[in-house]
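# Structure for this input, please:
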Amino acid sequence: MSSELRKIEEHPSKQVINKDNLPNNINKEDSERETDDVKEQPKKNLVTKIRDEWQLIARIIELAINALCLGLFYQPASKSANFTKHHLEQVGLLFLTFSGYLVINAVFIISRLIKDRIPFRTISLFSIIAAVLNFVAALLLIVDKKNKFQAMYYEPQMHLIGVLTSATVLCFVNTVVYGLDGVYTFLLKKDY
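Now for the predicted structure:
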């Protein structure tokens, strides 16, 4: 008996319930239910998990869209050598926006996985700047599509126009995602 008291005193949270020595007012079935309830941890449903990890989900979406924009812009830019020679500042800004935020989002995701905290103001600032840069990139893609294919004397390859249009649409989508991410992060004041 004294050894059981020592165990209970040492570990008060881990009390051993002997079913045979229960008081008369506690039923054995009730004690089994209580021990089963203690063992089970509440499971989070999908909505709760998404609500808890929305920043990580937004970063993964932003990373995927940046990679798609980079890939979709690369083919039309590499197909015409004159375009990159005459519009180097536009190409530089586009590649800087897509590849730069590809690396930045990868670093944010890795920091989340190693449980390193980044302040919410820094995350909001990066997201708002990314939204502005993606909006400017989308406008430049519209101008590039108009200028690039109007100055050609021969029939342009039609799939390049579709690829540039897809990159433009994805830039606008990425602008919205980055903007919402930045605003919600700042309003909720949730570190990443």
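# now for the one helix or strand S78 maps to, which elements pack on it?
Take DSSP states H and E as the rule and S78 turns out to sit in helix 54-79. Using 3 or more Cβ pairs under 8 Å, 6 or more residues apart in numbering; DSSP states H and E, the elements in contact with helix 54-79 are helix 81-86, helix 88-113, helix 120-150, helix 158-188. (Glycine included, C-beta is placed from N, CA and C.)
# Redo those as JSON lines? Include mean pLDDT, distance to L72 and mean neighbour count.
Formatted as JSON lines, these follow (pLDDT from 0 to 100; distance: least, Cβ to Cβ, whole Å; neighbours: other Cβ atoms under 10 Å):
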{"stretch": "helix 81-86", "mean pLDDT": "59", "distance to L72": "15", "mean neighbour count": "12"}
{"stretch": "helix 88-113", "mean pLDDT": "86", "distance to L72": "9", "mean neighbour count": "16"}
{"stretch": "helix 120-150", "mean pLDDT": "85", "distance to L72": "9", "mean neighbour count": "18"}
{"stretch": "helix 158-188", "mean pLDDT": "87", "distance to L72": "4", "mean neighbour count": "18"}
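# Just tell me which of these ends up closest to I60.
helix 88-113 (6.8 Å; Cβ to Cβ).
# tilt between the closest one and helix 158-188?
Interaxial angle of helix 88-113 relative to helix 158-188 (axes from the mean of the first three to the mean of the last three Cα atoms, to 10 degrees): 50 degrees.
# elements contacting helix 88-113?
Taking 3+ Cβ pairs under 8 Å, 6+ apart as the contact cut, helix 88-113 packs with helix 54-79, helix 120-150.
# related to what we said a few turns ago, which of the residues in the helix holding S78 are buried?
Within helix 54-79, the residues that count as buried by 16 or more other Cβ atoms under 10 Å are 55, 58-59, 61-63, 65-66, 68-70, 72-73, 76-77.
# And R117, its phi and psi?
phi -90, psi 140 (degrees, to the nearest 10).
# Out of the helices and strands packed on helix 54-79, which gets nearest to K49?
Nearest to K49, of the helices and strands packed on helix 54-79 and by Cβ to Cβ, is helix 88-113 at 14.5 Å.
# what mean pLDDT does the helix holding S78 have?
Average pLDDT, helix 54-79: 85.
# between it and helix 120-150, how big is the angle?
Using the same axes, to 10 degrees: helix 54-79 against helix 120-150 is 30 degrees.
# ok, which pair from the buried residues of helix 54-79 is furthest apart?
Q55 and P76 (32.9 Å).
# Serialize the helices and strands packed on helix 54-79 to TSV and add fields for distance to V47.
TSV is the format used below for the helices and strands packed on helix 54-79 (distance: least, Cβ to Cβ, whole Å):
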stretch	distance to V47
helix 81-86	47
helix 88-113	20
helix 120-150	22
helix 158-188	16
